[in-house]
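**Q** Have a look at this prediction, sequence included:
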Amino acid sequence: MGGLRSLRTGSSGVKRLALLGVSLLAGCELFRPPPAILDPEWPQLETSDFGEMQNVSMSGGLWFGGGVTEGDVKLAFRRGVRHILDLSFDDDEVGFDLKETCASYGIELIDAGLVDAESLGGDERALVLEIFRDRERHPLLVVCEAGSTSAAYFALWRILDHEMPVDVALDEARRAGMRPGTLEEYVRAQAALLGRED
């Protein structure tokens, strides 16, 4: 009789163990760790040099910075650049005829026609981003007075085309030479207008 009882108890214990095992497996299935977050898809930004230019950064086939000189245009030609995007404001002093110098090297100068930081809007954004996106124009050199405007538009490109978070893009742009203030507000406003807010 005692043997039969211990057999029943043993059988019951085995069932309990089996149920516990199934529960544990189900629990593992339900509580899987979240998938690993992939590295972001945007191209790396590196500090660079470009002759006498200031605040120069480079990403893929795009260089940007400020204070371009005649020697920098010559260097651009040697580096295979055939298109320069000018983001200088009306009052910025270049110190030489940029258009004529570019023409002498067979480089297309694209003047974005920026008046000042306060008057920037959607038309300028559309033009600049169209040039940034045109791989046929890469390698591309983007210039302005001191690298601030170039860095701001680069940040906007990162936000809109590479889905970089706004604050991350702006932090990167500050390190690349963008002055905080009006240009930063412009980038935030354009990103919000196009549905990209942090």
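**A** Received it, and whenever you're ready, just let me know what you need.
**Q** From here on, just use CA atoms for contacts and neighbour counts.
**A** Will do.
**Q** Where do the strands of the chain begin and end?
**A** Here the chain has its strands, by DSSP state E, at 46-47, 54-59, 62-66, 83-86, 108-111, 140-144.
**Q** Tell me where the model's unsure across this structure.
**A** Along the chain, segments meeting pLDDT under 70 span 1-40, 198.
**Q** Quick check, central residue of it?
**A** For the chain, the residue nearest the mean C-alpha position is R158 (2.9 Å; CA atoms, centre = their mean).
**Q** Tell me how many other residues surround the residue lying closest to it once chain neighbours are set aside.
**A** Of all residues not flanking R158 in the chain, M164 sits nearest, at 5.6 Å (CA to CA, 6 or more residues apart in numbering). Each residue near M164 was counted by other CA atoms under 10 Å, and the total is 20.
**Q** can you tell me how far M164 sits from Q190?
**A** Using CA to CA, to the nearest Å, M164 is found at 14 Å from Q190.
**Q** if we can go back for a sec, of the strands of the chain, which is nearest E124?
**A** Proximity to E124 (CA to CA) singles out strand 108-111 among the strands of the chain, at 10.6 Å.
**Q** Is the residue nearest to the centre of the chain in contact with A169, as I believe?
**A** Yes: in this structure, R158 is within contact of A169 by CA atoms under 8 Å, at 6.5 Å.
**Q** residue contacts, E124?
**A** Residues in contact with E124 (CA atoms under 8 Å, 6 or more residues apart in numbering) are A112, G113, L114.
**Q** shouldn't the first one be in contact with F89?
**A** What that stands for is A112. No: between A112 and F89 there is no contact under CA under 8 Å: 9.1 Å.
**Q** burial of V94, as a residue count?
**A** Here the number of neighbours of V94 (other CA under 10 Å) works out to 15.
**Q** just S119 next, same as before
**A** Per other CA under 10 Å, the neighbour tally for S119 reads 10.
**Q** so how far is M58 from the closest residue to A173 other than its chain neighbours?
**A** If the residues on either side of it in the chain are set aside, A173 comes closest to A151, at 5.2 Å by CA to CA, 6+ apart. For A151, the distance to M58 equals 11 Å [CA to CA].
**Q** list residues touching both of the two?
**A** F64.
**Q** The two - which one has more neighbours?
**A** A count of neighbours by other CA under 10 Å puts A151 above the other of A151 and M58, at 31 against 20.
**Q** That one contacts P180, correct?
**A** No: with contact defined as CA under 8 Å, A151 does not reach P180; the gap is 11.0 Å.
**Q** what do those two both touch?
**A** Taking CA under 8 Å, 6+ apart as the contact rule, A151 and P180 both touch R174.
**Q** what residues are up against I84?
**A** Counting by CA under 8 Å, 6+ apart, I84 makes contact with I107, E108, L109, I110, L140, L141, V142, V143.
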